[in-house]
Every structure is written in C-alpha cells, then in structure tokens.
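Colleague: sequence and computational prediction follow.
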Amino acid sequence: MSAPPVLDDDFLPTEPEGRLTRAELRGDVPAALRLAAILTVVGLPLGALWALLAPDVHVVALPGSGTGSPAGEADHAFDAVAIHLLMVAAFGVIAGAVAWRRRHRRGPVMLVALVVGALVGAVLAGRVGALFAWASSPVPVLVDPAALGTSGVPGAPVPAVLTSLPPSPGPWWIALVAGLGAALTYVLAAIVDGHEDMGREEPA
C-alpha cells in the first residue's frame, strides 16, 4: 500500500496579502462618501478666507485721460492667484493626511473619495472666493499723472477717482493642485508605511 502524498506548504495556493475583499470595499463606501462631503463643505470657508486675504488692485481714473495703476499695483493680481494656489495646495495635503489617519478605512475607495472631494472643494473655494471678493467704493483723490505713466507735468496733482477691482482666484484648473496634493500625500504615506495592507486595522 502506497503512502499518502506529502503536500509541500511552499506550493500551496495562498490568498494574496493586503487584498481587500468585496465586503470590505463595500463597507468603505459610506466612510468615503462622508469624507468627500466634508471636503466639499470645507471649500466654503476656504473661499471666504481667500477673499479676506487676497489684495485688491487699485485703479486711478483720470478726467479725460483714461485709467492707470500706481506702481506695484499690477503685482497684486498675481499675489491673489498665488495665495489661492498655496491655499488649495495646503488644503489637499492636509486632506490627504487626515484621510490616511483613518487606519481602518485605508484603501482605494478612500483614495478616490479623497481626490474627488479635494477637487470639488477646491473648485467650490474658487467660486465662493470670487463671489465674496469685493471692491471698495470710488474715492476722489489728487494724483500726479507722471506717477501713473500718463502724460502730465510731474509735481502737478490733478483730481482723479481711485477705485479697486475685486481680486480673481485665477483659472479653474488651479483646483487640480488640491487633488494632486491629496493623492501624493496619501500615496507617499502608503509607500513609507511599507505594508501590503497599508497598515489597515479592523474597525472597532
């Protein structure tokens, strides 16, 4: 009578480590939707904060000579866009770090919700910021036309009207920086963690 075959454990099929089951992925959906909704809502105060910090661009209207801007005012338009860019980039990085802290929900579902929520929140921040941005009322002033680069005798002030243009958050694609920052933060944290299951823990 022949002996039963001996099975070598090294050749037995094993379940891949770190792979999530369908039940786990379905369980991540509610938490991922909540995260995306929270990030979207955060775009509201983010846009209001930008509108508070962004500088206005002052314009001087001369009688019969068009308009002009004092020295350095043209840079304020760039400053407003730069502030918006830095704010949405920081928003994305912070969102990625917060999502990574949810150890029992780490995975692709949370990553997708993170990127979508950061993008929508950043777009909403730009829209709200442009809505809340305001310009000051016109003020009568005396200016030197030579300081505005227009024709005139230096040192001879003339009556003019000083107004300000509301700042602009820039093009819509700046919101992509938030999604990119969120995704990079989450992926880099997973790489540094080094575990195939991303250090995922069972929910309490």
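Modeller: Happy to help now that I have it.
Colleague: export the longest strand along the chain to PDB, keeping only CA atoms.
Modeller: What stands out as the longest strand in the chain, according to DSSP state E, is strand 158-165. The C-alpha coordinates for strand 158-165 follow below in PDB (Å, rounded to 0.1, in the frame of the first residue of the first chain):
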ATOM      1  CA  VAL A 158      -4.800 116.600 -10.800                       C
ATOM      2  CA  PRO A 159      -8.200 115.400  -9.500                       C
ATOM      3  CA  ALA A 160      -8.900 111.700 -10.100                       C
ATOM      4  CA  VAL A 161     -11.000 108.900  -8.800                       C
ATOM      5  CA  LEU A 162      -9.400 105.900  -7.000                       C
ATOM      6  CA  THR A 163     -11.300 102.600  -7.400                       C
ATOM      7  CA  SER A 164     -10.300  99.000  -6.800                       C
ATOM      8  CA  LEU A 165     -11.000  95.800  -8.800                       C
END
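Colleague: contact partners of the helix or strand that it is followed by?
Modeller: Per DSSP states H and E, strand 158-165 leads on to helix 175-193 as the next helix or strand towards the C-terminus. By CB atoms under 8 Å, 6 or more residues apart in numbering, the surrounding residues in contact with helix 175-193 are 85, 88-93, 95-97, 99-100, 106, 110-111, 114-116, 118-119, 121-123, 125-126, 198-199. Glycine gets a C-beta too; all of them are placed from N, C-alpha and C.
Colleague: keep only those of these that are in strands.
Modeller: Using DSSP E, none of these sit in strands.
Colleague: what average pLDDT does stretch 128-144 get?
Modeller: Stretch 128-144 carries an average pLDDT of 76.
Colleague: just stretch 33-53 next, same as before
Modeller: The average pLDDT within stretch 33-53 is 95.
Colleague: name the residues of that stretch that are buried.
Modeller: Across stretch 33-53, burial judged by 16 or more other CB atoms under 10 Å covers 35-36, 39-40, 42-44, 46-51.
Colleague: re earlier: filter the contacts of helix 175-193 to the buried ones?
Modeller: Buried by 16+ other CB under 10 Å: 88-89, 91-93, 95-96, 99-100, 106, 110-111, 114-116, 118-119, 121-123, 125-126, 198, out of the contacts of helix 175-193.
Colleague: do you know the pLDDT at residue 67?
Modeller: 65.
Colleague: sorry, wrong one. I was asking about residue 168.
Modeller: For residue 168, pLDDT reads 88.
Colleague: need the contact list for the spatially most central residue of the chain.
Modeller: Closest residue to the average C-alpha location of the chain: residue 88 at 2.2 Å, with CA atoms, centre = their mean. Residues in contact with residue 88 (CB under 8 Å, 6+ apart) are 46, 122, 125, 126, 174, 175, 177, 178, 181.
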